[in-house]
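A.B. asks: Return a 3D structure for these sequence lines:
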Amino acid sequence: MSTLALKDSFALPVPPLFSWRDMLSYFFFRLIPGVEVIEGQALRQAVRLPRSSAMIEVKPVPATKALGVRVFSAREVERDVIAARLRRQFDLDAPMRKVNERLKQHSALGLLVKARPGLRVPGAFDPYLLAMRAILGQQVSVKGATTLTARLVERYGERAAPPNEDGLWPHTLFPAPERLAGETIEGLGMPGKRAATLARLAGFAADGGFSALESDPAPLKTLEALPGIGPWTAHYVGLRALHLRDAFPSSDLGLRYAAGDFSGAVPSAKELEEMSRAWSPYRGHAAIHLWASLHTETQGAKGG
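C.D. replies: All right, here's what the predicted structure looks like:
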């Protein structure tokens, strides 16, 4: 197999109140085997671009307020497209001062914000991939979702050419939506209805559904209208893939357990939904802080 050449490298400036350590920690427990790896301080991803595929490495540039980006591909790449996607993935445009000021008004959340003032919403380079991972995470742990996702990638993914340098790199591209649309997905060890939801969501992506969500006045309702996608999945995708800052998957067991640490008892989904109104319009950021407060091995009882 031929190797990929370095086609572009650039610095991505980061704003104040940005923590690469917190961002990397969140991704670490949710890496998609074969598609994403972390080596040292570098996050490396095998990604699909509009006209090609690529390996992208992102890591801090020492003594600067920037992330260094390297792109390996067999073809020339569009820097503006990659930079825009990375800005969304790392939530670089979040109004963090407003977010922190709002969440600090809640005494317990204020302590979490003080511990991680630069914690932003970890997003996704590809909203379709994130949404598929969310489906695989329905009703299972983070570890369980990773196992299911690894099986999907192994069975339906596409072998990716490696970069022309040593080190730990991804080796597989996540299955393209066109590959899974209408497919009878089997052998993953999950309910047939959920497998059918994966195929439908792939069809939605193949038809340009995620691009259309960017201008949709009610994207969560559009997602929930898809069979097999309920409020938890829609809000999770809205939060991490669409950066809807007030999205809040209140039925998530991890969020409920985390909220129980400061409310005295684990709230019901309805009680947590009511509690979260005080954090609007940044409930999604509150969710990230709550997940981050859990023990790292059990972050999120559901497997987002």
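
A.B. asks: Going along the chain, name the strands of the stretch 51-200 of the chain.
C.D. replies: 53-60, 66-73, 158-159, 172-173 (DSSP state E, counting those that start in this stretch).

A.B. asks: Would you format those strands as TSV with mean pLDDT, distance to residue 81 and mean neighbour count included?
C.D. replies: (Each C-beta comes from the backbone N, C-alpha and C, glycine too.) Formatted as TSV, those follow (pLDDT from 0 to 100; distance: least, CB to CB, whole Å; neighbours: other CB atoms under 10 Å):
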stretch	mean pLDDT	distance to residue 81	mean neighbour count
strand 53-60	97	11	21
strand 66-73	98	10	20
strand 158-159	96	20	12
strand 172-173	98	17	20
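
A.B. asks: I'd like those strands laid out as JSON lines, including distance to residue 128.
C.D. replies: Shown next, in JSON lines, are those (distance: least, CB to CB, whole Å):
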{"stretch": "strand 53-60", "distance to residue 128": "14"}
{"stretch": "strand 66-73", "distance to residue 128": "20"}
{"stretch": "strand 158-159", "distance to residue 128": "14"}
{"stretch": "strand 172-173", "distance to residue 128": "12"}
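
A.B. asks: Of those strands, which is nearest residue 149?
C.D. replies: strand 172-173 (11.2 Å; CB to CB).

A.B. asks: what packs against that closest one?
C.D. replies: strand 42-48, strand 158-159 (3 or more CB pairs under 8 Å, 6 or more residues apart in numbering; DSSP states H and E).

A.B. asks: Could you single out the most deeply buried of these?
C.D. replies: strand 42-48 (a mean of 22; mean count of other CB atoms under 10 Å).

A.B. asks: Could you export it as PDB, CA atoms only?
C.D. replies: The C-alpha trace of strand 42-48 is given here as PDB (Å, rounded to 0.1, in the frame of the first residue of the first chain):
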ATOM      1  CA  ALA A  42      -1.200  14.500  19.400                       C
ATOM      2  CA  LEU A  43      -4.700  13.600  18.300                       C
ATOM      3  CA  ARG A  44      -4.600  11.800  14.900                       C
ATOM      4  CA  GLN A  45      -7.700  11.100  12.800                       C
ATOM      5  CA  ALA A  46      -8.400   9.400   9.500                       C
ATOM      6  CA  VAL A  47     -11.000  11.600   7.900                       C
ATOM      7  CA  ARG A  48     -13.000  12.000   4.800                       C
END
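
A.B. asks: Can you give the contact residues for it?
C.D. replies: 24, 27, 34-38, 53-59, 125-126, 160, 168-174, 176 (CB atoms under 8 Å, 6 or more residues apart in numbering).

A.B. asks: Then stretch 185-193?
C.D. replies: Against stretch 185-193 from outside (CB under 8 Å, 6+ apart): 136, 147, 148, 151, 152, 155, 156, 195, 196, 198, 199, 228.

A.B. asks: Thanks a lot, see you next time.
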